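S.K.: Sequence and predicted model, in that order:
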Amino acid sequence: MAKFVMLGRYSPEAIKGINGERTKKGVEIIEKAGGKVNSMLALLGNHDLLLVVDFPGITEAMKASVALTKLTGIGFNTSPAFSVEEFDKIVG
């Protein structure tokens, strides 16, 4: 499984729909795409949400990212991520 960081930004409409049930549905979308949520955090600043998720590959990450935006109205920037140790091995 590959690790991905998903940075989300609420639209005005998405803010109106904030609730635990929608969050649960979001997690189900990720799991349906073969993913596993490691962490979900609310942020202040340029982004409103940070999700750290494992997916089998980029295709599954892309499917989940688009499906989450359709469900929630939250725009996500989804990027692959590596631990610093993995990065050191790759580029060191």
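M.R.: On my side now, so go ahead.

S.K.: buried set for the longest helix seen in the chain?
M.R.: When the chain is parsed with DSSP state H, its longest helix is helix 58-72. For helix 58-72, burial by neighbour count (16 or more other C-beta atoms under 10 Å) applies to 60-61, 63-65, 67-68, 72. The way it works is simple: take the backbone N, C-alpha and C, and place the C-beta from them, glycine included.

S.K.: roughly how far out does it sit from the chain middle?
M.R.: The chain centre lies 8 Å from the centre of helix 58-72; the measure is C-alpha atoms, centre = their mean, to the nearest Å.

S.K.: May I have that helix as CSV, with CA atoms only?
M.R.: Taking Å, rounded to 0.1, in the frame of the first residue of the first chain, the C-alpha atoms of helix 58-72 are listed here in CSV:
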residue,chain,number,x,y,z
ILE,A,58,-2.7,6.1,-7.7
THR,A,59,-5.9,5.0,-9.5
GLU,A,60,-7.6,4.1,-6.2
ALA,A,61,-6.5,7.4,-4.6
MET,A,62,-7.8,9.4,-7.6
LYS,A,63,-11.2,7.6,-7.5
ALA,A,64,-11.6,8.2,-3.8
SER,A,65,-10.5,11.9,-4.1
VAL,A,66,-13.1,12.6,-6.8
ALA,A,67,-15.8,10.6,-5.1
LEU,A,68,-15.2,12.5,-1.8
THR,A,69,-15.5,15.8,-3.7
LYS,A,70,-18.8,14.7,-5.3
LEU,A,71,-20.1,13.6,-1.9
THR,A,72,-19.0,16.6,0.2
